[in-house]
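**Q** My questions are about this predicted structure, shown below with the sequence.
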Amino acid sequence: TVETLSNQTQSSSRQAWIGFLAVTTACMTSGLAAVYTEKVFKTGNTSLWVRNMHLSMAATDGSKISHSGFFFKWDGIVCTVVALQALGGMAVAVVAKYADNISKGFATAVSIILTCIASVFIFDMRPSNGFLLGTSLVLMSLYLYTLSPPAPTGYLEVRTKEDLEVNGTTKIQLGKSSY
């Protein structure tokens, strides 16, 4: 009946908003976590490997591991997935340590695009118009970002010897922002 269709439309509309809010919340918390993680990695004295061990210890359930063992019910597929996730996690940690959050975001977007391109050739997949629009926006933003990368902070740009001279003498103090 018309009343049933109206209720279904309202229900699906409500579910779409819940999904939109969930994705928006996930994006914001992920971004905040990434910025905080980058700050911790770049300002702390603890090595990347020690930080990863701290995170892994916080994420495990010691009572279940001591009772059944760490590798309980693991098979070849589980080992492969864990190895790939660990490799990806190490790659993200290295990017966070030596690059910045924006570079990590672009790397993720480009990897999704490359995966789609490979799927077109391997699985004969046809990407939607929305995906093609998103791909073009990602590529355009990547191009615009690389046109004029931000200058590193804390460094003095030196082009000539005169840039180094103060009152006729050459004076450099490494690690300082005033020369």
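**A** Received it, and whenever you're ready, just let me know what you need.
**Q** now whichever strand or helix holds residue 80: how far from the chain's centre is it?
**A** Element membership of residue 80, judged by DSSP states H and E, is helix 76-98. The gap between where helix 76-98 is centred and where its chain is centred comes out at 13 Å by Cα atoms, centre = their mean, to the nearest Å.
**Q** Likewise for stretch 113-126?
**A** Using Cα atoms, centre = their mean, the mean C-alpha position of stretch 113-126 is found 22 Å from that of the whole chain.
**Q** picking that back up, heading C-terminal from the helix holding residue 80, find the next helix or strand.
**A** Following helix 76-98 toward the C-terminus (DSSP H and E): helix 101-123.
**Q** Moving C-terminal from that next one, which element do we reach first?
**A** Downstream of helix 101-123, the first helix or strand assigned by DSSP H and E is helix 129-147.
**Q** which secondary structure elements does that following helix contact?
**A** helix 101-123 (3 or more Cβ pairs under 8 Å, 6 or more residues apart in numbering; DSSP states H and E). All C-beta atoms are positioned from the backbone trio N, CA, C, and that covers glycine.
**Q** Need the contact partners of the helix it packs on.
**A** Taking contacts as Cβ atoms under 8 Å, 6 or more residues apart in numbering, the residues outside helix 101-123 that touch it are 31, 34-35, 38, 92, 95-96, 125-127, 131, 135, 138-139, 141-142, 145.
**Q** Report the buried members of those residues.
**A** Neighbour counting over the contacts of helix 101-123 (16 or more other Cβ atoms under 10 Å) leaves 34, 38, 95-96, 135, 138, 142 as the buried ones.
**Q** need those residues in JSON lines with distance to residue 23 and pLDDT, can you?
**A** JSON lines is the format used below for the buried ones among the contacts of helix 101-123 (distance: Cβ to Cβ, whole Å; pLDDT from 0 to 100):
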{"residue": "34", "distance to residue 23": "16", "pLDDT": "76"}
{"residue": "38", "distance to residue 23": "22", "pLDDT": "72"}
{"residue": "95", "distance to residue 23": "23", "pLDDT": "73"}
{"residue": "96", "distance to residue 23": "23", "pLDDT": "67"}
{"residue": "135", "distance to residue 23": "19", "pLDDT": "84"}
{"residue": "138", "distance to residue 23": "17", "pLDDT": "84"}
{"residue": "142", "distance to residue 23": "22", "pLDDT": "81"}
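**Q** could I get these as TSV with distance to residue 85?
**A** Formatted as TSV, the buried ones among the contacts of helix 101-123 follow (distance: Cβ to Cβ, whole Å):
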residue	distance to residue 85
34	17
38	20
95	15
96	16
135	25
138	24
142	25
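**Q** Name the member of these with the shortest distance to residue 77.
**A** Distance to residue 77, by Cβ to Cβ, is smallest for residue 95 among the buried ones among the contacts of helix 101-123, at 27.0 Å.
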